[in-house]
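Participant: Pasted the sequence and its predicted model underneath.
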Amino acid sequence: MAEPKNSELDANISALESEISAMDKRIALCNAATADSQSASQKNKFGNLGKKKELPSDTHSLKLRINNMRAEWTKRKNKCMDFVGNCADGMEKKPKECAKLMQVRGGAERSEATERSGLKELRF
């Protein structure tokens, strides 16, 4: 097989570069179209579309945001503890033993991060 000439290679390179620039333009148009089409219904309750939300500058709104997150965490924790309690009733074991079997952390077991932060975990 014969090697291609420099002029043929230059022509191929220029054709491919023009194709790449056309594809870049199409990608930019698609990105702009998808950014415009995202509606409020796609937003999650903690921020916009899962992106990192900028913290509010005033302390009142920051406290409200933190309290809302804490309330959500407490709801989830209580649901988990209810589930563990129901399983413990069904298995006729103590909730701590059942939580150990399920590898759910709580009660006397505290993580290092929890100890460093000084937070108290919910007891069962």
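Facilitator: Yes, it's here.

Participant: where does this structure have low pLDDT?
Facilitator: Applying pLDDT under 70 to the chain flags the ranges 1, 36-56, 106-124.

Participant: where do the strands sit along it?
Facilitator: Assigned strands in the chain: none (criterion: DSSP state E).

Participant: which stretches of it form helices?
Facilitator: Using DSSP state H, the helices assigned to the chain run over residues 6-37, 59-91, 95-102, 112-117.

Participant: Of these, which stretch is the most buried?
Facilitator: Highest mean neighbour count among the helices of the chain (mean count of other Cβ atoms under 10 Å): helix 95-102, with a mean of 16. From N, CA and C alone the C-beta is placed, and that goes for glycine too.

Participant: could you dump that one to PDB, C-alpha only?
Facilitator: C-alpha atoms of helix 95-102 as PDB (Å, rounded to 0.1, in the frame of the first residue of the first chain):
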ATOM      1  CA  PRO A  95     -34.000  -3.100  68.300                       C
ATOM      2  CA  LYS A  96     -30.300  -2.700  68.900                       C
ATOM      3  CA  GLU A  97     -29.600  -6.300  67.900                       C
ATOM      4  CA  CYS A  98     -31.800  -5.900  64.800                       C
ATOM      5  CA  ALA A  99     -29.900  -2.700  63.900                       C
ATOM      6  CA  LYS A 100     -26.600  -4.500  64.300                       C
ATOM      7  CA  LEU A 101     -27.800  -7.200  61.900                       C
ATOM      8  CA  MET A 102     -28.900  -4.600  59.400                       C
END
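
Participant: Okay, angle between it and helix 59-91 too, please.
Facilitator: 90 degrees (axes from the mean of the first three to the mean of the last three Cα atoms, to 10 degrees).

Participant: list the helices and strands helix 95-102 packs on?
Facilitator: In terms of contacts (3 or more Cβ pairs under 8 Å, 6 or more residues apart in numbering; DSSP states H and E), helix 95-102 is packed against helix 59-91.

Participant: The helix it packs on packs against which elements?
Facilitator: Using 3+ Cβ pairs under 8 Å, 6+ apart, helix 59-91 sits against helix 95-102.

Participant: how far away is the nearest residue to A88 once chain neighbours are set aside from R76?
Facilitator: Nearest-residue entry for A88: C98, 3.9 Å, with adjacent residues in sequence omitted and distances by Cβ to Cβ, 6 or more residues apart in numbering. Note on C98: its distance to R76, by Cβ to Cβ, to the nearest Å, is 18 Å.
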